[in-house]
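K.L.:
Build me a model:
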Amino acid sequence: MKCRLIGCALGMLGAGTALSSHAAEPAPAAYEDRLLESGPQATLDEPADQAPDTGWPRGGSVELQSLRQSGGLTDTRNETLKLEGHLDTPNYGAFSANLNINRYRNPVTAYDLSGQTGNLYSLSYRNGNTGRIDQRAMPFNNGWFANSSIGDINTAATPMSRGIGRVYLPSLPIEGFSTSFERGGSTVLNASAGRLGYFDGLTSQGFTLGRGSVATFGAQQQITGPETQLGIGRTDAAFQWVETRNANLNGLSGYAQDSQSFWGAVSWQGVAPWADTLGAGIGPVQERPGGLRVQANYAHSAGKPSYAGSLAPNDSANGFWVDSSWRSNWAQQGASVFYFDPSLRWGSNPIAGDLRGASWRADVSTRQWQLGGNVEVSESVSGLQGRSLFGNLFGRYRFDSRDALSGTVAARSGTAAAQSLQLTWEHISPQWGQSQWRADLANGRDQRVVRLGVDHAWAVGESQSLSTTLAFEQSNQSSVTSRSVIWGVLGSMPFLAGGRVDLSLRGSNGIGDTSSKFLNANARVSWPLGGGWSFIAQYTAARGQESLNPAVVSALTTATQAPILTLPSSRTMQIALRWEARAGSASAPIGGGAGAGSGRLEGHVYFDQDNNGKREASEGGVPNVTVMLNRRYVARTDAQGYYSFPSVAAGSYQIEVVPDNLPLPWTPAAREGVPVQVYVRGTATADFAVRRDR
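P.N.:
Take a look at the predicted model:
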């Protein structure tokens, strides 16, 4: 882009000089793209004369993958033909499609039941085809437009179901369809139906069907106030209904359930009663001085288990919660009250249950310092657990442009009484990069954890990145002491002939205890071959369970957490040959004209465990999350949280994460889309942090 601007400026200057001195001279030659940098330059994937630059913007790719995965008692081989495509139309919106045609070969190991040690091997072949088609922004009369999806997707939801607080409705993975109709941000209608399942096969983007089916319907309507998103005195109402039949979470015979769930909410936003006017600012009403937003929610679930021995203790449950967020002249604040009956669920998934209480939080900051806190009091509805009081206090002070000190202290009383402390010192060195020295301490009943470590982002080339982490942890549980070293490397660098290497490696090794080992490795090499062809090789390995950050969380956060599953050890090697093409006029994203050139947009969605907004070597990626470009094109993250839009026309875009498959209580740090600029021959990067409330 800089080269183009310089070339245009020189051309205009030359033309102006010619007009002033020799008016009869011919016009300057047509602009020719010249690169000012020295050294070898990357070539366009596709010459302008080899692809049509008229018609609707369109493009696609074909990828042949070969994968081998070993671990446990199986050695799986998988061949996949992956087809992707996109089409942007002037009258029917944008379409994205993805189809995986899989063929699995599983050698199964069986043991002789007579007690002999001999093994019996057999081959099992099966096909596991997966795919989806997404349509975005199909226009209709009177400002209506439609968004629809079919295939292996998630159920649709109204915007208000994500709420403004810490509890929201989870989406359900299905093989089926979903559709929504919207008008001007004031009216939303949606429906979904399909067979329940879950996303698996992280390296090959598989989907496994479970027992059960689901149907949903919902609506959202603006009742009063201006139609603009920042309207003062605006009131909205929404509801969502879901019915599941023969749903079976654990896959065991006799535990299937039929259930119906309902959720309704009303929200209001405007000038707070204690404020005179709404102050200036950027963002939603509640983030501007004097602004307030309140949302009241009600949820109900009922259903008769199909088997009398079902684990569900109740057939009916209710939930109430009210969230509010406002900003005064000095602080951003929020408060909530909540009540959840035991066994409250949304379809086949549980919501926060058996808890009631209230919480308040505040955050105040300047350019140099930040101070925030949270207080929560709660108790179980059933009386199985007593009252719990939780509080935390966070502070950060920046001494200068290079050094900052921060700390978080948290404590919780009651059945899960514990305390934790985290101290961090950040230092930026122009020669070496940025360091973060951290000390974590946690103390609970029969358990004490001390972790000392350093994260460092090294100062490397502009097209490279390298960060490392190293920590020592000592844990004492029930008078048993264990020690381990936690380490990680995260990097990216150019490879030969325009290739690129991405590396993510995290692990821990027990000192004198081999059972506490953990390993998560991912190495990816992408190598363009020219003519739209590229070669990709990827190796992944997983073993053991990663040690969680020793921080105390509140009872509401604990109630919304999904159980931690220890994944079996596995190693995967995958190679792929990919071909990409594009064509069409340069009037829309991705399918830009071949002569106009294009770039690449990619990034990671990752668990931001320390809430600092930076991806570190110790933080893993979030798999199977939907990422949308300009709310029109869809991509999904792989096992390491990586997503990519391989061919995007140069220009400005909005990129956002759709929290349809995030594990509770993790939520995106940026709930709105973020701007990103794509340049010709360039690779734009946009990483997204997801955070957990404490």
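K.L.:
For T560, see how far away W432 is.
P.N.:
Computed as C-beta to C-beta, to the nearest Å, the W432 to T560 distance reads 40 Å. All C-beta atoms are positioned from the backbone trio N, CA, C, and that covers glycine.
K.L.:
and E379, how many neighbours?
P.N.:
Residues contacting E379 under the criterion other C-beta atoms under 10 Å number 19.
K.L.:
Could you check the pLDDT of S516?
P.N.:
We have a pLDDT of 61 for S516.
K.L.:
Quick check: phi and psi on S479?
P.N.:
Dihedral pair for S479: phi 70, psi 10, per degrees, to the nearest 10.
K.L.:
Which pLDDT value does the model give it?
P.N.:
79.
K.L.:
Could you do M12 as well?
P.N.:
At M12, pLDDT is 36.
K.L.:
give the contact list for Q464.
P.N.:
G491, S492, M493, P494 (C-beta atoms under 8 Å, 6 or more residues apart in numbering).
K.L.:
for L99, same thing?
P.N.:
K82, L83, E84, N129, T130, G131.
K.L.:
give me the beta-bridge partners of the second one?
P.N.:
Yep, that's L83 we're talking about. Beta bridges link L83 to V62, L99 when assigned by DSSP bridges.
K.L.:
and if you look at the fifth one?
P.N.:
Partner residues in beta bridges with T130, using DSSP bridges, are N100.
K.L.:
rewinding a little: can you turn the buried subset of the contacts of Q464 into a selection I can paste into ChimeraX?
P.N.:
In ChimeraX syntax, the buried subset of these is picked out as below (16 or more other C-beta atoms under 10 Å):
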select :491,492
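K.L.:
tell me which of the contacts of Q464 is nearest to Y168?
P.N.:
Taking C-beta to C-beta as the measure, Y168 sits nearest to S492 out of those, at 33.2 Å.
K.L.:
Let me know the secondary structure of that closest one.
P.N.:
Of the three states, S492 takes strand according to DSSP: H, G, I helix; E, B strand; the rest coil.
K.L.:
For the nearest residue to Q477 once chain neighbours are set aside, which residues are in contact?
P.N.:
Distances taken as C-beta to C-beta, 6 or more residues apart in numbering place Q447 nearest to Q477, at 4.6 Å, with adjacent residues excluded. Contact analysis of Q447 by C-beta under 8 Å, 6+ apart lists S475, N476, Q477, S478.
K.L.:
Show me which of those are buried.
P.N.:
Applying 16+ other C-beta under 10 Å to those flags S475 as buried.
K.L.:
Quickly name whichever of the contacts of Q447 is closest to G621.
P.N.:
The closest of the contacts of Q447, once distances to G621 are taken by C-beta to C-beta, is S475, at 25.5 Å.
K.L.:
count of residues packed around the residue lying closest to E379 once chain neighbours are set aside?
P.N.:
In space, and not counting its chain neighbours, E379 is closest to R387: 4.3 Å by C-beta to C-beta, 6+ apart. Neighbourhood size, R387 [other C-beta under 10 Å]: 13.
K.L.:
Going forward, count from 344.
P.N.:
Okay, using 344 as the starting number, the last item reads as R730.
K.L.:
show me the contacts for R730.
P.N.:
R730 makes contact with V720, S721, E722, S756, G757 under the criterion C-beta under 8 Å, 6+ apart.
K.L.:
For the last one, give me its contacts.
P.N.:
Taking C-beta under 8 Å, 6+ apart as the contact definition, G757 lies against Q728, G729, R730, S731, L732, A898.
K.L.:
and if you look at the first one?
P.N.:
When the contact criterion is C-beta under 8 Å, 6+ apart, the partners of V720 are G700, A701, S702, R730, S731, L732, F733.
K.L.:
got a list of what the first one touches?
P.N.:
For G700, the contacting residues are V680, F681, E719, V720, S721, E722, S731, A898, L899, by C-beta under 8 Å, 6+ apart.
K.L.:
Buried ones among the residues you listed?
P.N.:
Among the contacts of G700, those classed as buried by 16+ other C-beta under 10 Å are F681, E719, V720, S721, E722, S731, A898, L899.
K.L.:
List the buried residues for the strand or helix carrying E769?
P.N.:
According to DSSP states H and E, E769 maps onto strand 761-772. If you call a residue buried by 16+ other C-beta under 10 Å, then strand 761-772 has these buried ones: A761, S763, L764, Q765, T767, W768, E769, H770.
K.L.:
And stretch 628-644, by the same measure?
P.N.:
For stretch 628-644, by 16+ other C-beta under 10 Å, it's 628-629, 631-638, 640, 642-644.
K.L.:
Next one: the residue nearest the centre of the chain from N485, what distance?
P.N.:
By C-alpha atoms, centre = their mean, the mean C-alpha position of the chain lies nearest to V948, the distance being 4.6 Å. According to C-beta to C-beta, V948 and N485 sit 36 Å apart.
K.L.:
Same check on I496?
P.N.:
Counting by C-beta to C-beta, the separation of I496 from N485 is 28 Å.
K.L.:
List the pairing partners of the helix or strand where N533 lies within its sheet, with orientation.
P.N.:
Element membership for N533 (DSSP H and E) is strand 530-543. Using DSSP bridges, strand 530-543 pairs in its sheet with strand 516-526 (antiparallel), strand 549-567 (antiparallel).
K.L.:
I'd like to know which of those lies nearest to G624.
P.N.:
Minimum separation from G624 across the strands paired with strand 530-543 (C-beta to C-beta) falls at strand 549-567, 22.2 Å.
K.L.:
tell me the angle of the helix or strand just after that closest one relative to strand 549-567?
P.N.:
Note on strand 549-567: by DSSP H and E, the next helix or strand toward the C-terminus is strand 577-590. Our comparison of strand 577-590 with strand 549-567, counting by axes from the mean of the first three to the mean of the last three C-alpha atoms, to 10 degrees, yields an angle of 150 degrees.
K.L.:
Export strand 577-590 to PDB, keeping only CA atoms.
P.N.:
Output of strand 577-590 as PDB, limited to C-alpha atoms (Å, rounded to 0.1, in the frame of the first residue of the first chain):
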ATOM      1  CA  ARG A 577     -35.200   2.200  24.300                       C
ATOM      2  CA  THR A 578     -37.000  -0.900  25.500                       C
ATOM      3  CA  ASP A 579     -36.700  -4.400  24.000                       C
ATOM      4  CA  ALA A 580     -38.300  -7.700  24.800                       C
ATOM      5  CA  ALA A 581     -37.300 -11.200  23.700                       C
ATOM      6  CA  PHE A 582     -38.100 -14.800  24.200                       C
ATOM      7  CA  GLN A 583     -36.700 -18.200  23.200                       C
ATOM      8  CA  TRP A 584     -38.200 -21.600  23.300                       C
ATOM      9  CA  VAL A 585     -36.500 -25.000  22.900                       C
ATOM     10  CA  GLU A 586     -37.800 -28.600  23.000                       C
ATOM     11  CA  THR A 587     -35.500 -31.700  23.100                       C
ATOM     12  CA  ARG A 588     -36.600 -35.300  22.700                       C
ATOM     13  CA  ASN A 589     -34.700 -38.400  23.600                       C
ATOM     14  CA  ALA A 590     -31.700 -36.300  24.600                       C
END
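K.L.:
one step back: output the strands paired with strand 530-543 in a markdown table; the columns should cover distance to L972, mean neighbour count and mean pLDDT.
P.N.:
Listed next are these as a markdown table, based on distance: least, C-beta to C-beta, whole Å; neighbours: other C-beta atoms under 10 Å; pLDDT from 0 to 100:
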| stretch | distance to L972 | mean neighbour count | mean pLDDT |
| --- | --- | --- | --- |
| strand 516-526 | 18 | 21 | 92 |
| strand 549-567 | 22 | 18 | 87 |
